[in-house]
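In: Have a look; sequence and predicted model below, questions after that.
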Amino acid sequence: MADIIYTKTDEAPALATLSLLPIIESYTAAAGISVETRDISLAGRIIAAFPENLSDDQKTNDDLAYLGNLCLEPTANIIKLPNISASIPQLKAALTELKAKGYNLPDFPDDPKTDEEKTLRARFAKLLGSAVNPVLREGNSDRRAPKAVKNYAKKNPHRMGTWSANSKTRVATMTSGDFYGSEKSITVESPIATKIEFVDANGTVTVLKEKLNLQAGEILDSSVMNIESLKKFTAEQIEQTKTDGALFSVHMKATMMKVSDPIMFGAVVEVFYKEVFDTYGELFNSLGVTVTNGLGDVYAKIAGHVQENEIKAAIEAVYANRPELAMVNSDKGITNLHVPSDVIIDASMPAMIREGGKMWNREGKAQEAVALIPDRCYSRIYAAAIDFCKKNGAFDPTKMGSVANVGLMAQQAEEYGSHDKTFRMTTAGTVRVVAESGVTLLEQTVNSGDIYRSCQAKDPAIRDWVKLAVNRARASKTPAIFWLDDKRAHDRQVIAKVNTYLKDHDTAGLDIRIMNPIDACTFSMERIIKGEDTISVTGNVLRDYLTDLFPILEVGTSAKMLSIVPLMNGGGLFETGAGGSAPKHVQQLVEENYLRWDSLGEFLALVPSLEYCAEQSGNKAVQILADTLDDATSRLLENDKGPSRAVGGIDNRGSHFYLALYWAQALAAQTDDLTLAEKFAPLAAELTTKEDLIVKEMIAVQGSKVDLGGYYFPDTAKASAAMRPSATFNSALNLLK
């Protein structure tokens, strides 16, 4: 096994890897460190999932399963790049591309009826949503903005929109009928085998999940989203938004919450375009329109139909009686309701707040917007942030403090709406969690169309989370706030454990508190504007949301966060930032041969990965690699050698060259290992001498279209050639061989 595993993922991060990884491999090999890649891309996962359909030369290993097992080993050292959390439209697009390349894969069954189709749908379900992260995250997360990144942001502040105290922007969230209001939660005292079953009005029992084994001390929840309540609430908010004169937008996470959120998204689409669905509902059913895939699926399914223009006209007519919709792409007419994976809450809400509470309208102009976030579990943190900005104005990146995060995510903690314990109910009745003894542990009343979900949080994961929070509070000497709501059933169970496990640690002199998320958000923002730092200690979903919210406000992006996951059995998973803007970057590369994606997250993650290698092996040369890489990254930021904003400057590939230049110079200049210095001296001299030529070669290719040979499954040779356009630079790296 290699010393470091580097993951192959999707979109812009995967393309950037084709440029960066040859540098990493060359530099680490000089210190005796080996690096290998493992494919966890959406296309790679699809191929691995259906070996019986493929020829021997097409079959691949299941690298995700391999890495999942590796995460249980104390030797694990994995650098994990952002990957697609696939929505159904993305999965279908990837399937189409793979089939066009000769992969004999099955079609995705939209409406499975036979047992074979249901089995196939279940196999595909394992590829949807947050399929990767729960497998790899066998530890809790420690995310923060590195000092070099923070200092750069203060010296080079990103643009912030202006806020008005009278802004029409607000968060619309339900007051009843949501997951928050219905949630029930228990902690089991001893190991217990359970199952989830549905009982209809006639007393007929259907098992929804046959085996649900709980560990001692494990928390188990159940909750329901009432769809009729959601639709009534949506209709009310549409009318209110029109009265307000604001844009209407909906913000969910239909990728991570792959079962629940697409259903809610579809319900909003049906309400907004009610007249269209009332008139053409039967036709849509016959055409296979899937409303959970958004309005875009309507356009796709009616294409070429005799009534296509009539339906398009009916859709346009709806807008006369509705508030204007926020747009994803004003130029192409892509609305907020077109595709569920186009508007991901953890990226879209921080961007709105950064822009002064504004989103884009049809004319491509910024306008105040109402953000529909139905469930109260987390919607109110965004409301608190908006209220704070209305009162205090926009944040000043030159003076802001930081909010780091310690996140509970180990052992699939709090996988809400994602996995095999979330169901859409087809008839009314009762869903209950029943112990092997026949005792009912949790019970919920449901109606047809409702969403039922259960989730778990294991005791060892919570213990580890509390320990990590205490350690971070002590190391950083900043307050650590547990964002937990004592009015929410699940959080009450967690609060009891936190209060118990804090007693296992020496917390003298530390400021550790439990606050409800609204107060915690306000408290953190009050400290931010004074330049003070705070640690947010949160559950899994809030971890996901806050590690975008605060970084996007502080440093302009979440891709520049240092994200370390100390695995519970030892070893480390080093994550490299977010990938929400990756699709747009790929589109720009294809059109202009310019990749704006910033690989800073990879640079940052590689440092602790190398440090871990050095610690495990006792190889001092590897520690020198880590130290000099840290220096090179700081110098890259100081000299503003990240990707520029437009064609004609250095892009992602150019920033990789400058990292290589500064890293080689630092290695050649260090005196702790003269043998290592001698190895890098020729490369440092070559890159220094030919800097202008290399940059010229990289910029010269910009402005023309690029054929990558695919989007989800690009041709490796074509993509590599595009990502390594400087023959001079490529040749120089051979000096290390």
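Out: Received it, and whenever you're ready, just let me know what you need.
In: What are the boundaries of the helices in the stretch 551-700 of the chain?
Out: Listed in chain order, the helices of the stretch 551-700 of the chain (DSSP state H, counting those that start in this stretch) span 582-592, 600-617, 620-638, 652-669, 674-689, 691-700.
In: Sorry, slip of the keys, the one I care about is the stretch 1-150 of the chain.
Out: Per DSSP H, counting those that start in this stretch, the stretch 1-150 of the chain carries helices over the ranges 11-29, 42-49, 63-70, 88-100, 115-125, 133-136, 147-155.
In: Which one of these lies nearest to residue 230?
Out: helix 88-100 (20.0 Å; CB to CB). C-beta coordinates here come from the backbone N, C-alpha and C atoms, glycine included.
In: The closest one vs helix 582-592, what angle?
Out: Using axes from the mean of the first three to the mean of the last three CA atoms, to 10 degrees, the direction of helix 88-100 lies 40 degrees away from that of helix 582-592.
In: For helix 88-100, which helices and strands make contact with it?
Out: Helix 88-100 sits against helix 42-49, with contacts defined as 3 or more CB pairs under 8 Å, 6 or more residues apart in numbering; DSSP states H and E.
In: avg pLDDT for the helix it packs on?
Out: Helix 42-49 shows a mean pLDDT of 96 in the predicted model.
In: Give me the angle between that helix and helix 88-100.
Out: Using the same axes, to 10 degrees: helix 42-49 against helix 88-100 is 70 degrees.
In: and helix 42-49, which residues are buried?
Out: Using 16 or more other CB atoms under 10 Å as the test for burial, helix 42-49 gives 42-48.
In: between the residues you listed, which is nearest residue 707?
Out: Using CB to CB, residue 43 comes nearest to residue 707 of the buried residues of helix 42-49, at 17.4 Å.
In: isn't that closest one right up against residue 99?
Out: No: using CB atoms under 8 Å, residue 43 makes no contact with residue 99, being 11.4 Å away.
In: can I assume residue 456 sits in a strand?
Out: Yes: assessed with DSSP: H, G, I helix; E, B strand; the rest coil, residue 456 lies in a strand.
In: which residues does residue 681 contact?
Out: Counting by CB atoms under 8 Å, 6 or more residues apart in numbering, residue 681 touches residue 668.
In: Just the pLDDT at it, thanks.
Out: Residue 681 is given a pLDDT of 97.
In: go on, residue 646?
Out: pLDDT at residue 646 comes out at 86.
In: where are the low-confidence patches of the protein?
Out: Within the chain, the stretches with pLDDT under 70 are 578-581.
In: Domain boundaries for it, per the record?
Out: Domain assignment of the chain by automatic domain parsing yields the ranges 4-138+567-736, 170-179+226-399.
In: Between those domains, which one is closest to residue 431.
Out: Between residue 431 and the domains of the chain, the tightest spacing by CB to CB is seen for domain 170-179+226-399, at 12.9 Å.
In: quick one: contacts of stretch 50-65?
Out: 38-40, 44-45, 47-49, 102-106, 123, 131-132, 135-136.
In: Same list (the helices of the stretch 1-150 of the chain) but as JSON lines, adding distance to residue 305.
Out: Formatted as JSON lines, those follow (distance: least, CB to CB, whole Å):
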{"stretch": "helix 11-29", "distance to residue 305": "32"}
{"stretch": "helix 42-49", "distance to residue 305": "30"}
{"stretch": "helix 63-70", "distance to residue 305": "39"}
{"stretch": "helix 88-100", "distance to residue 305": "19"}
{"stretch": "helix 115-125", "distance to residue 305": "25"}
{"stretch": "helix 133-136", "distance to residue 305": "39"}
{"stretch": "helix 147-155", "distance to residue 305": "51"}
